[in-house]
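*Asks:* Need coordinates for the below:
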Amino acid sequence: MNEPPVRIYHHPRCSKSRAACQLIANNGIVAEVIDYLKTPPDREELRHLLHLLGMRPAELVRRGELVFKEHYAARTLDDEQWLDALLAHPILIERPIIVRGDRAVLGRPPEKVLELLQGSISAGVDR
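*Replies:* Now for the predicted structure:
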């Protein structure tokens, strides 16, 4: 059976992101790795990721980042404004995000990746 490819939105300096990459590799999967700070998603791609994750933009925000504390901590933003913030400051995007087919997980903790990999395999068998 042919499984859909795996894509990971990764930040190499993030230990959780590195651990997720390692878990993927340990399962014999070669993933497309996107350093999302060098190649940030555009608005449409970010919307798609949020849809796959079942999240709203505010839920994907890294609140510990300095840019959040300096520019957004005291503000109430709607979904479009949060999308604007995430696009303007990709460092605010929680990581890693792992996508396989029409499913995605936020790899926090990194073991969440296994749910996606196993779930995708199980879903493929059930079809």
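*Asks:* ok, now which ones touch the spatially most central residue of the chain?
*Replies:* Centroid-nearest residue in the chain: Ile97, 1.8 Å away (criterion: Cα atoms, centre = their mean). With contact taken as Cβ atoms under 8 Å, 6 or more residues apart in numbering, Ile97 is in contact with Ile8, Tyr9, Tyr36, Leu49, Leu53, Ala104, Val105, Leu106, Gly107. Yep, even glycine has a C-beta here, placed from its N, CA and C like the rest.
*Asks:* Please repeat the previous calculation with a cut-off of 6 Å.
*Replies:* Taking Cβ atoms under 6 Å, 6 or more residues apart in numbering, we find Ile97 in contact with Tyr9, Leu49, Leu106.
*Asks:* Most neighbours among those, which one is it?
*Replies:* In terms of neighbours by other Cβ atoms under 10 Å, the contacts of Ile97 top out with Tyr9 at 29 neighbours.
*Asks:* Show me what the helix or strand encompassing that one is in contact with.
*Replies:* Applying DSSP states H and E as the criterion places Tyr9 in strand 6-10. Contacts to strand 6-10, defined as Cβ under 6 Å, 6+ apart, come from residues 17, 24, 29, 31-36, 96-100.
*Asks:* One more: stretch 61-71?
*Replies:* His89, Ile91, Leu92, Glu94.
*Asks:* hmm, 10 Å instead?
*Replies:* 14, 72-73, 75, 77, 82, 85-86, 88-89, 91-95 (Cβ atoms under 10 Å, 6 or more residues apart in numbering).
*Asks:* Weed out the non-buried ones from these.
*Replies:* Cys14, Tyr72, Trp82, Ala85, Leu86, His89, Leu92, Ile93, Glu94, Arg95 (16 or more other Cβ atoms under 10 Å).
*Asks:* For Val33, which residues are in contact?
*Replies:* Val6, Arg7, Ile8, Tyr9, His10, Pro12, Ser17, Cys21, Ile24, Pro96.
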